[in-house]
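**Student:** What follows is a predicted structure for the sequence shown.
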Amino acid sequence: MSDSGSLGRFFHVAWLIMRKDVTVEMRSREILYTTAFFALSCVLVFAFSFVREGRAIEDAASGILWIAIAFSGTLALGRTFERERTNETLHALLMAPADRPAVYLGKLLGVVALMAVVEAVLVPLVGLLFQAPIGTHPMYLAMLLATGTIGFAAVGTLFAAMLIRARSRDVLLPVLLYPITIPVIIAGVRGTATLFSGGDATMARAWLGMLVFFDVVFITLALWTFEAVMTE
Amino acid sequence: MSRRLFVPAVLAAMVMFALAPVFIAWAPRETTMGVVQKIFYYHVPSAMMLFLSAFVCGIASAVFLFGRRAAADRVAVAAAELVVVFGVIVLVTGPLWARKAWGVWWQWEARLTSTLVLWMIFLAYLLLRRYGGPGSDRLSAGLALFGMANVPFVYLSVNWWRTLHPKTSVVPTLDPAMRGAFWWSVVAFLLLYVALLAARLRVEQQRSRLEAAYLALDE
């Protein structure tokens, strides 16, 4: 990646891989429908434990939102790479004359796009069911969701790709992913909670800054390790 | 190398641990907490070894991942196991003290929570090692690298989260008269750590040698 030409190529490869993932997904919409439905089921289960006398307890809405995102995100990550595994296509992808980090970036973008669609359903629903004021700071909410999702998916994509050849990968993905992404979850939940509690956006901005910092560090680290981890 | 290190380290650690209770008994009694405070002489050095071991594991994993040195991987496994072992000591002695000092077994405070998360990351590392199947050495090296980079983030995020819900926790500053016994304990634990690491490393070396011998026999 010495000159702009190869940098352009890098992003072009990432873009192509993302487009491939989106195209494959749009044909069956399997992961999208199942993941979105799973997220709704999560919200329902949490509603039973966190709603007292018709109202959600304090700060519950942001917690429910982020747990649903984390759980459904894990499911989406697992399914996305399971599809590559059953079709033996990840092998082909890694053998392609493309930069490995570009492959990682493409997969990451695909996962983020998928999770974004699920969140587009999830956020209004949480706002509706738990009287969360999602409209007071829509920009900050969107940015918190975007940076949080990217951070979660950045670690998740690397780990899901790593685990593709491992035994008991289904259970190992959440086992590895949740302890590592704890800062993302804390920042996401607390940032969203300050927005939902109707306070000013200063605290949310601080959490947003942390999420951006986290994203930068973890994407850099993932781009750096992806090649070494994925080599046979 | 691990064998030459093991015997002196184990002997010195034994002597130091045998004498440690004497120094700890000599150290002045903390006025508010009394005898309960003495658990610190075991708790804090164990926590230090936990973080040291996590650091050793992270560095060794990076060397293994980018330098392709099998020896580094053996160090990483040994260190990861010791993170979990010292983590158990920390997480058992901590609540024992907290029950007396704070009145609760557990506080969602920055240091406690980040220690718990770090311990869980290395528990996940061992689970991956054990159940990940072939190739899990490379994967766990990646995990250790992320785990090490994660430590400041976890601390920072938990710290912010807690300061939003203010709750003071008094972490007592060390009385100069307690320093002798404290650093004695730290050195004792460091020697124990070195001895355990050397022993575990040796087991790992033997195991890989045995594996190589089996492979040679098959061919």
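**Tutor:** That came through fine.

**Student:** Quick check, central residue of chain B?
**Tutor:** B:Leu50 (1.8 Å; CA atoms, centre = their mean).

**Student:** and that residue, what element?
**Tutor:** When elements are assigned from DSSP states H and E, B:Leu50 belongs to helix B:40-67.

**Student:** same deal with A:Arg9?
**Tutor:** Counting by DSSP H and E, A:Arg9 is part of helix A:4-28.

**Student:** What mean pLDDT does that helix get?
**Tutor:** For helix A:4-28, mean pLDDT rounds to 88.

**Student:** after it comes which helix or strand?
**Tutor:** Next along from helix A:4-28, by DSSP H and E: helix A:30-50.

**Student:** Excluding sequence neighbours, find me the nearest residue to whichever residue of chain A sits closest to chain B.
**Tutor:** Closest to chain B within chain A is A:Arg167: 3.5 Å, counting by CB to the nearest CB. Every C-beta, even on glycine, is put in place using the N, C-alpha and C of the backbone. Distances taken as CB to CB, 6 or more residues apart in numbering or on different chains place B:Gly133 nearest to A:Arg167, at 3.5 Å, with adjacent residues excluded.

**Student:** Poorly predicted segments of the chain, please.
**Tutor:** Chain wasn't specified; assuming chain A. In the predicted model, chain A carries pLDDT under 70 at residues A:1-4, A:232.

**Student:** I was after chain B.
**Tutor:** Ranges of chain B meeting pLDDT under 70: B:1-3, B:30-33, B:162-177.

**Student:** so what's the closest residue to chain A within it up against?
**Tutor:** Nearest residue of chain B to chain A (CB to the nearest CB) works out as B:Gly133 at 3.5 Å. B:Gly133 makes contact with A:165-168 under the criterion CB atoms under 8 Å, 6 or more residues apart in numbering or on different chains.

**Student:** Widest-spaced pair of these?
**Tutor:** A:Arg165 and A:Ser168 (11.8 Å; CB to CB).

**Student:** if you count what's nearby, which of the two comes out ahead?
**Tutor:** A:Arg165 (19 against 15; other CB atoms under 10 Å in any protein chain shown).

**Student:** Excluding chain neighbours, give the residue nearest to the more buried one in space.
**Tutor:** With CB to CB, 6+ apart, the residue lying closest to A:Arg165 is B:Gly135, at 5.5 Å.

**Student:** Now the phi/psi pair for that neighbour, please.
**Tutor:** Torsion angles at B:Gly135 (phi, psi; degrees, to the nearest 10) stand at phi 90, psi 0.

**Student:** So which bits of stretch A:161-175 are buried?
**Tutor:** A:161-166, A:169, A:172-175 (16 or more other CB atoms under 10 Å in any protein chain shown).

**Student:** Actually, stretch B:193-211.
**Tutor:** Buried-residue list, stretch B:193-211, by 16+ other CB under 10 Å: B:193-202, B:204-205.

**Student:** would you put the C-alpha positions of stretch A:13-25 in CSV?
**Tutor:** Provided in CSV are the C-alpha atoms of stretch A:13-25 (Å, rounded to 0.1, in the frame of the first residue of the first chain):
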residue,chain,number,x,y,z
VAL,A,13,-11.4,-5.4,-2.9
ALA,A,14,-13.1,-4.7,0.4
TRP,A,15,-16.0,-3.1,-1.4
LEU,A,16,-16.3,-6.1,-3.7
ILE,A,17,-16.3,-8.6,-0.8
MET,A,18,-18.9,-6.6,1.0
ARG,A,19,-21.1,-6.4,-2.1
LYS,A,20,-20.7,-10.2,-2.5
ASP,A,21,-21.9,-10.8,1.1
VAL,A,22,-24.8,-8.4,0.7
THR,A,23,-25.8,-10.0,-2.6
VAL,A,24,-25.7,-13.5,-1.2
GLU,A,25,-27.7,-12.4,1.8
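
**Student:** does any part of stretch B:91-99 sit near chain A?
**Tutor:** No. Using CB under 8 Å from any CB of the partner chain, stretch B:91-99 stays clear of chain A, coming no nearer than 14.4 Å.

**Student:** List the buried residues in that stretch.
**Tutor:** Buried residues in stretch B:91-99 (16+ other CB under 10 Å): B:91, B:93-95, B:97-98.

**Student:** Quick one: the helices in the chain, in order.
**Tutor:** Let's take chain A. A:4-28, A:30-50, A:60-86, A:89-95, A:100-129, A:138-162, A:169-180, A:182-196, A:202-230 (DSSP state H).

**Student:** The chain in question should be chain B.
**Tutor:** B:2-26, B:40-67, B:70-101, B:110-131, B:136-164, B:179-218.

**Student:** Show the contacting residues for A:Tyr140.
**Tutor:** A:191, A:195, A:201, A:204-205, A:208.

**Student:** Out of those residues, who's the most crowded?
**Tutor:** Counting by other CB under 10 Å, top hit in these: A:Gly191 with 29 neighbours.

**Student:** check contacts around the closest residue in space to it that isn't next to it in sequence.
**Tutor:** Closest residue in space to A:Gly191, ignoring its immediate chain neighbours: A:Trp207 at 3.3 Å, by CB to CB, 6+ apart. Counting by CB under 8 Å, 6+ apart, A:Trp207 makes contact with A:144, A:187-188, A:190-191, A:194, B:160.

**Student:** one step back: so which of the helices of chain A is nearest B:Trp119?
**Tutor:** helix A:169-180 (9.0 Å).
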